[in-house]
Structure formats: C-alpha cells, structure tokens
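**Q** Sequence isn't available, so here's the structure alone:
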C-alpha cells in the first residue's frame, strides 16, 4: 500500500536555513529592486542611501528585508570571517564564493538590494585587463557593481571598466588594502595638502565614471565638501561624518560583535530603544531609520 505524499509543506521548504519573509506571502515585495538610476535619484533628492556589509545568504536576505538599499560583500570578510589581521590576504576566489552566497540569499528572498562586490588586493593592480577579468568573476557571481580602492592611477581603470558596462564604486580615505603604506588605521585627508590631493582624486574618479564612492575615516568637513562637489557620484561615509549621501558599516560591528577594538565611528544597533525587537533584523531596521532621519552618525561622536 502506497502512503500518500505529505503536501502540508511546500516543496521549497527546508529543515534549516529558512529565510525570513520580507512581506506577506502572496503579495508583491515591499519595494522594487534598487537600481543605479534609483540610487542616482536618491542622491539628487537628498534621500540618504543605506549600505551594510554581508558575507552569506541569510544575513544578506535579512538586510534586504530590513530595507537596506545596498549590500557590500566587502573584503573586510578577511578580518571578521577569516580572522586575518588585514584585508590583504583575501583572494579573488574567496570574494567570488561569498558574492555568490549573498546573491543566492537575495534570490531566495525579495531580491531588491543593490549588490556590490569588493575587488581584493592584487586583483586589479597589474593592468586594466586584469581588473576586467576580476570584475567579470564577481559580476558573474551575482554582483551588480564592483568596488576598488585608491585614487590617482585607479581612474584609468575605472574608466576602462565603466566603458565596458561594469558599474564601479570607488574608495578613498583609509584604504585597508594599503594600510601598511598608510602607516596604520589613521584618519586620511587631514591638512590642506592631503585634502587637496583627495579632492583631485575624487574628481578624477567621478569623471572616469565612478557612480559611488566610499569615504572612510575622512574628516567630516572634507567629506561634506566632496559630497556637494560630486553631483554625479554618491558618497558613502564610514567614519566620515553625516554630510555624505549615505552610510555604510561592517555588519558585525553594528551588531556589537568585534574581534578587536570597536571603531569610534560604529554604533551598536543591537542596543537601545531604536531596536524595537532586540533582534538582528530589528538592529538593521534601526540602522536604516537612523541613517534616513540623520540621527546617525553624530559628528561629535562618530567623526573627526
């Protein structure tokens, strides 16, 4: 005698790894997929852009459901996931793997966040052609955009990638891949000469086609000035004050989990009344609200 099949659960159900719904089953997603034109529209209208790092399927899906616009698969995974002392040891294959994991997680949820993949140290430094090959790896893994660090020589690489249909996010200020050359994790752009150099690099990167630019550990006044000048490139701050077009934090930092000293520019969103459910998703939603309403970051507390 054949036992009737159990049809009480959908075929897609799994005993583990079930991702949280972002909206009521059977209804459309809470928002349309975030696109480059949408991000440009937000910048033009002064709506703050929210970004968090994520390195796996589940956290990416939760961030998407919480309303985070941009998810960065950062090479910071080398420090927070692999236990390295810097990002220099992260490989392109590692970045490909984690980018694919995050993309898979988004596809299993509402799949609306804009996904950015970090090009790791040594994957774009040799030539523009090497940068294209490396960017292709991350784009084929599911990234919508790639990020690379540094100014000056990188403008030519950015132009080369953008002309071939690859959106690029630049990164100035503290660039962790070159931390040894910078002499440690220090504020960048202090003083007239350093500020002038960073301003020149930022303009060159915008002119080359960079659509976004992370400003890390840059004085708040300089970041605000650059944000006003870069009308076609949305600045995303981390330790750069509240005058940027958006903010980014490392996921583990904003959840209060850190293997070292918590940076000055971080706020633990697992704590406080803004996290109404004392949950990871609640922390992410509190972060989105705080960035949008301007209550985070506070220049006097989180910036230089």
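**A** Yes, it's here. Everything numeric in this text was worked out from a predicted model, so none of it was measured.

**Q** shaky segments in this structure?
**A** 1-15, 19-30 (pLDDT under 70).

**Q** any chance you could map the helices in it?
**A** 36-45, 57-65, 77-80, 92-107, 128-140, 154-163, 179-182, 192-208, 220-229, 251-254, 280-293, 299-302 (DSSP state H).

**Q** tell me the contacts of the spatially most central residue of the chain?
**A** Among the residues of the chain, residue 72 comes closest to the average C-alpha position under CA atoms, centre = their mean, at 3.0 Å. Residues near residue 72 by CB atoms under 8 Å, 6 or more residues apart in numbering: 51-54, 116, 118, 147, 248. C-betas here are computed from N, CA, C, even on glycine.

**Q** go again using 6 Å as the cut-off
**A** 51, 53, 116 (CB atoms under 6 Å, 6 or more residues apart in numbering).

**Q** Then residue 99?
**A** Residue 99 touches 73, 117, 138, 141-143, counting by CB under 6 Å, 6+ apart.

**Q** Make CSV out of those residues and add neighbour count and distance to residue 200.
**A** Below are these laid out as CSV (neighbours: other CB atoms under 10 Å; distance: CB to CB, whole Å):
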residue, neighbour count, distance to residue 200
73, 30, 29
117, 31, 27
138, 29, 28
141, 20, 33
142, 19, 34
143, 28, 28
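
**Q** any chance of those residues in a markdown table, plus distance to residue 205?
**A** As requested, the contacts of residue 99 are exported to a markdown table (distance: CB to CB, whole Å):
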| residue | distance to residue 205 |
| --- | --- |
| 73 | 21 |
| 117 | 18 |
| 138 | 19 |
| 141 | 24 |
| 142 | 24 |
| 143 | 19 |
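
**Q** Among those, name the ones in strands.
**A** 73, 117 (DSSP state E).

**Q** Show me what stretch 100-112 is in contact with.
**A** Contacts with stretch 100-112, where a contact means CB under 6 Å, 6+ apart, come from 19, 22, 29, 31, 33-34, 54, 56-57, 60-61, 64, 73, 141-142.

**Q** Check the offset of that stretch from the chain's centre.
**A** Its chain's C-alpha centre and that of stretch 100-112 lie 15 Å apart, by CA atoms, centre = their mean, to the nearest Å.
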